[in-house]
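[1] Need coordinates for the below:
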Amino acid sequence: MDNTRNRRQRRRVLGKAVTVTAGCAALLGLQTTPASAAGTQLAAPYQGMDTCPVTAPLLTAADNLQVGCVHSEVAGGTFRIGDYSVPIGAPMKLNWGIRWSSAAPTVDVLGSTANVYDTADPSGGPLLDAPVTEAPLPGLANFWPGVTSADIKVEPAGKIKNFVPLAVGSDHPLFEMPIKLKVIHPLLGSRCYVGSDSSPIVLRASSPAAPEMTVDADPNGHGTAVLKVVNGTLTDSSVAIPGASRCGLLGLGESNWIVNSLFDLPAGAGKNAVTFTGVNTSIAIDGSLESLTAALDDARG
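    Numbering: from 1, shown residues only. Sure thing, here's the model as predicted:
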């Protein structure tokens, strides 16, 4: 009962923080003031948001009620594909922009209403950045004696959709994120993937266990509020994994069957799972793009 009350209180705090400036934004028409060049380390509470796409068409649209930036870091996790657990290269970093339009899309979560945000890719940096990690795959020795592992790299395969940050603590997905896994080994060529841009692995991860959440006000007096979600765990146990593509020394897919046989692909929902651990996310949000941009500029010093 106390956890439910606390979650509702946090929602009210965030709602008050971001709606104070919404009326002003409508009057100002969400004017755009370009931020300084990306790449500068921002001061608290905006660390990691230097590629926020404040000049993207989605964020500069006149019908926006709220705009913002998201920076997330994942400390670890695994993909379970059939009988194999493939480690996630860490730290994985994600950055994107968000907007809530005048259409005001929402979803009912935990007995209250949560905003559903559209997203924009970052400016001057990657949407998703994860290091290469070695994955023990003993089954490879059945095809190539002595080969027991390959390197795996998580890469984006499209835009994040349907971002619902206040779905934390529920079974409702926080987002839809299309990805692909690059399988790296000299015998598989340089373009071997599980999933692709046209047929991605679509993660619909939720955070049933409510992590710690705080809301910080802008230190320089701007209307921006920063929601921080600390040490979360995201899971998706219904993810489907498509087959391999372009595997082989010729890059024509002649070795797709090896990867498909190894992981028993394609694998429908229920045979796989994804877990992200140690997830720390900061979400800066404002009713005015002018205010948000000024807050980021001031955070650059």
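
[2] and T133, how far is that from D216?
    33 Å (C-beta to C-beta, to the nearest Å). For the C-beta atoms, the positions are set from N, CA and C on the backbone; glycine is no exception.

[3] which residues are in contact with stretch 77-84?
    85-88, 90, 135, 137, 139, 181, 194, 234, 241, 262-265, 267, 271-277 (C-beta atoms under 8 Å, 6 or more residues apart in numbering).

[4] center of this structure, which residue is that?
    What sits nearest the mean C-alpha location of the chain, by C-alpha atoms, centre = their mean, is L94, with 5.4 Å.

[5] Let me know the pLDDT of W257.
    We have a pLDDT of 96 for W257.

[6] In three-state terms, label it for me.
    helix (DSSP: H, G, I helix; E, B strand; the rest coil).

[7] For L252, the count of nearby residues, please.
    Using other C-beta atoms under 10 Å, L252 is surrounded by 12 other residues.

[8] what's near enough to touch it?
    Applying C-beta under 8 Å, 6+ apart, the residues contacting L252 are R246.

[9] Please repeat the previous calculation with a cut-off of 10 Å.
    Counting by C-beta atoms under 10 Å, 6 or more residues apart in numbering, L252 touches 189, 191, 246.

[10] ok, now F163?
    Taking C-beta under 10 Å, 6+ apart, one finds 68, 70, 96, 98, 100, 115-119, 173-177, 283 in contact with F163.

[11] and which of those is nearest to A167?
    L174 (5.2 Å; C-beta to C-beta).

[12] can I have whichever strand in the chain runs longest written out in CSV, keeping just the CAs?
    Across the chain, the longest stretch assigned as strand under DSSP state E is strand 64-81. Provided in CSV are the C-alpha atoms of strand 64-81 (Å, rounded to 0.1, in the frame of the first residue of the first chain):
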residue,chain,number,x,y,z
ASN,A,64,4.1,20.2,-28.4
LEU,A,65,3.0,20.3,-24.8
GLN,A,66,6.2,18.9,-23.4
VAL,A,67,9.7,18.3,-24.7
GLY,A,68,12.8,16.7,-23.2
CYS,A,69,16.0,14.7,-23.2
VAL,A,70,16.7,11.2,-22.1
HIS,A,71,20.1,9.7,-21.1
SER,A,72,20.3,6.1,-19.9
GLU,A,73,23.2,3.8,-18.9
VAL,A,74,22.9,0.0,-18.5
ALA,A,75,25.5,-1.6,-16.3
GLY,A,76,24.9,-5.2,-17.5
GLY,A,77,22.5,-7.9,-18.5
THR,A,78,21.9,-10.9,-20.8
PHE,A,79,20.1,-12.1,-23.8
ARG,A,80,18.8,-15.6,-23.4
ILE,A,81,18.3,-17.1,-26.8
